[in-house]
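Asks: no sequence for this one, just the structure:
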């Protein structure tokens, strides 16, 4: 059935119009100021930029009653992938975009699609190369930087075998060319790459660049303020780290001996796991049950960075290292700020042990319950900002916006506790053994996980994750010695009473 579109113009709702009419008006510039569009009379308002290329009535059919999976009449819930959720012993690649299937319902989709025509879930903007000419120039410069010295060496060999009356001048010229030209070409390539990185980091909506967050990055969070948990229109949550800090006589935020910032997580209770109605749910996320966290603790605002890991362990195992630039001409940050990855659970435990010895404080990995409680920060929705999966790019680095690699920590919006990257960048090790059926018998207060097992719990999304595997309740497990380039950790400091 043909879709009907509505759009907001000068505080008025205009519609219904067909996709063809809306596309024609957009092309003519008559609705250039439109920012919100919805599909159907009862659909959710969506940023107009997300509908580019999707106005064709045959490209994205929707149900007559609803255009969004969160409406009153959702599509039939797909069967789970396995009785106990995703496999734990084998590393899944988080719904690689090259599969061409929806991560929620399995429906075949275009690899560049921004939403699934079957279930309507949003993936965000497809990854594209916005500057192909500049990327070609960079590649050409690097190729010539290799070819020129080779050509000069061949020229020197030819001069040596040729009977020239005065070859010294030619030899000097070839040597100069062999040294100077490659340096100039590589420097030019590095300059272009630097400009592209700067453009990528600053090419955001103006509203998100207006202020800086507590980490000094332009993520859009108000300085000294925390976002409302649960998304727009949500009820205020009874969580106050400030009140807990005042009662305990402890600071809300601390900085440890290696420059790591940690924030106080107050004790409280929450619903752990996901309800059966949650879109994208796995069976190992249930049953949803009440858990009490009875002791406060400090948790790292961000995932452990490569610089912090190297200061404690003396090495950097990460795959995605920050470049030092061309011969130091473009210096990297004084402290590498990408999260460390390719670390096993054993490596993370050893990091905590050494950091504890160096600092005189007790550091450890969070329990699975502590991790989910800290991630939710008072919410009971799919994500700590609500259920609107199309907003995930504001809060997390995942498969749609990560450029297939980790990104510096603390660049996205935090949750109500001030924690960054809980939904993406790298997955995070927890202290517990992993048992898909553990929720059936989990203790109510401060659960520590099963007493034994083969895998350790891993929580959170990563740069390679789909929206489904970035949810607050998503859980998986890997052997303690397992390493991968999207697997890291964050630490907890025990609060001495």
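Replies: Everything's here; your move. Model, not experiment: these values are computed from the prediction.
Asks: end to end, how far does stretch 291-307 reach?
Replies: Start-to-end span of stretch 291-307 (CA to CA, to the nearest Å) is 35 Å.
Asks: check stretch 249-263 too.
Replies: Stretch 249-263: ends 14 Å apart by CA to CA.
Asks: swap in stretch 304-318?
Replies: 12 Å.
Asks: same check on stretch 268-288?
Replies: Using CA to CA, first and last residues of stretch 268-288 are 17 Å apart.
Asks: again with stretch 408-426
Replies: End-to-end for stretch 408-426, by CA to CA: 11 Å.
Asks: tell me the first helix or strand C-terminal of the longest helix along the chain.
Replies: Longest helix of the chain, by residue count under DSSP state H: helix 168-202. The helix or strand immediately downstream of helix 168-202 is helix 241-248, counting by DSSP states H and E.
Asks: elements contacting that following helix?
Replies: strand 261-265 (3 or more CB pairs under 8 Å, 6 or more residues apart in numbering; DSSP states H and E). Yep, even glycine has a C-beta here, placed from its N, CA and C like the rest.
Asks: C-terminal to the strand it packs on, what's the next element?
Replies: strand 268-272.
Asks: got the buried residues for that next one?
Replies: 268, 270-272 (16 or more other CB atoms under 10 Å).
Asks: and the average pLDDT for the helix or strand that comes right after that strand is what?
Replies: Tracing the chain C-terminally past strand 268-272 and defining elements by DSSP H and E, one meets strand 289-293 next. Per-residue pLDDT over strand 289-293 has a mean of 94.
Asks: do the same with stretch 341-358
Replies: On average, stretch 341-358 scores 96.
Asks: ok, residues contacting it?
Replies: Contact partners of stretch 341-358, identified using CB atoms under 8 Å, 6 or more residues apart in numbering, comprise 256-258, 304, 309, 312-313, 317-320, 361-365, 406, 426, 429, 456, 478, 480-489, 491.
Asks: hmm, try it at 6 Å
Replies: For stretch 341-358, the surrounding residues in contact (CB atoms under 6 Å, 6 or more residues apart in numbering) are 312-313, 317-319, 362-365, 426, 429, 456, 480-483, 485, 487-489, 491.
Asks: which of these are buried?
Replies: 312-313, 317-318, 363-365, 426, 429, 456, 480, 482-483, 485, 487-489, 491.
Asks: what residues sit buried inside the longest helix of the chain?
Replies: Buried residues in helix 168-202 (16+ other CB under 10 Å): 174, 178, 181-182, 185-193.
Asks: just the closest of these to residue 393, please.
Replies: Set against residue 393, the nearest of the buried residues of helix 168-202 by CB to CB is residue 193 (23.2 Å).
Asks: assign a three-state SS to the spatially closest residue to that closest one that is not a sequence neighbour, would you?
Replies: The shortest distance from residue 193 to any non-neighbouring residue, by CB to CB, 6 or more residues apart in numbering, is to residue 138 (6.2 Å). Counting by DSSP: H, G, I helix; E, B strand; the rest coil, the backbone at residue 138 sits in helix.
Asks: what's the neighbour count on residue 138?
Replies: Number of residues near residue 138 (other CB atoms under 10 Å) recorded here: 20.
Asks: that one against residue 188, yeah?
Replies: No. Assessed by CB atoms under 6 Å, residue 138 is found out of contact with residue 188, at 8.6 Å.
Asks: helices or strands up against the host helix or strand of residue 428?
Replies: Here residue 428 sits within strand 427-433, counting by DSSP H and E. Applying 3 or more CB pairs under 6 Å, 6 or more residues apart in numbering; DSSP states H and E, one finds that strand 427-433 contacts helix 368-376, strand 456-459.
Asks: any idea of the mean pLDDT for the longest one?
Replies: Model confidence over helix 368-376 averages 96 on the pLDDT scale.
Asks: that older thread, contact partners of the strand holding residue 428?
Replies: 345, 348, 365-368, 371, 449-450, 453, 457-460, 462, 486-487, 489-490.
Asks: for the protein, name the helix or strand with the lowest mean pLDDT.
Replies: strand 46-47 (a mean of 56; mean pLDDT, DSSP states H and E).
Asks: gap between residue 384 and residue 302?
Replies: When distance is defined by CB to CB, to the nearest Å, residue 384 is 15 Å away from residue 302.
Asks: more neighbours: which of the two?
Replies: residue 384 (27 against 23).
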